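I'll drop the sequence and a predicted model, then ask my questions.
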Amino acid sequence: MADSLELELVSPESLLLSQPVEMVVVPGTEGDFGVLPGHAPLIANIRPGALVVFEGGNAAERFFLAGGFAEVTTERCTILAEGAMRVADIDRAAVEQEIRDLREDIAQLAEDADRDAVAASLAIAEAKLQALDAPAYSGVQ
């Protein structure tokens, strides 16, 4: 069995990462799941949360994903993210202001469909703060 798998992280804006990695932990809608070389093929939905890349037995890098899909084969993990950024690049003050604004918007909206759209944006913003506040693994910020 190979000692690495190819990870590709793609957002609508760009290819953020394409490199061999030791392991990756993906925030799936059914819970986080780890992908190692030789993993069984699968396709999974991604919830807003942190993708963690492992190298040398440690968490080396973290990306915030706003949602999307993961396709896993025995040799590759491809992440098609609705939005993605390095956790280290998240501006806490901006996210906290966005959360306040979105909560005000929800309170003022009369239509359920409008509230649902704003609530989805709010869930993503809150997940950004969780990614900042609760690193799931030591070794990386």
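Yes, it's here. Residues are numbered from 1 along each chain as shown.

residue farthest from the centroid of this protein?
residue 110 (30.8 Å; CA atoms, centre = their mean).

phi, psi of that one?
Per-residue torsions, residue 110: phi -100, psi -30 (degrees, to the nearest 10).

The closest residue to residue 68 other than its chain neighbours - how many residues pack around it?
Once flanking residues are discounted, residue 68 sits nearest to residue 81: 4.0 Å by CB to CB, 6 or more residues apart in numbering. To be clear about C-beta, it is placed using only N, CA and C from the backbone, and glycine gets the same treatment. By other CB atoms under 10 Å, the residues close to residue 81 number 23.

Also residue 38?
Neighbour count for residue 38, taken as other CB under 10 Å: 11.

so it sits in a strand?
No - Residue 38: not assigned to a strand; according to DSSP: H, G, I helix; E, B strand; the rest coil it is coil.

separation between it and residue 72?
Distance of residue 38 to residue 72, given as CB to CB, to the nearest Å: 11 Å.

Next: residue 2.
Separation of residue 2 from residue 72 (CB to CB) stands at 14 Å.

So between the two, which is more surrounded?
Comparing residue 2 with residue 72 by neighbour count (other CB under 10 Å), the higher total belongs to residue 72, at 21 against 11.

Specify the beta-bridge partners of the more buried one.
Counting by DSSP bridges, residue 72 is bridged to residue 42, residue 77.
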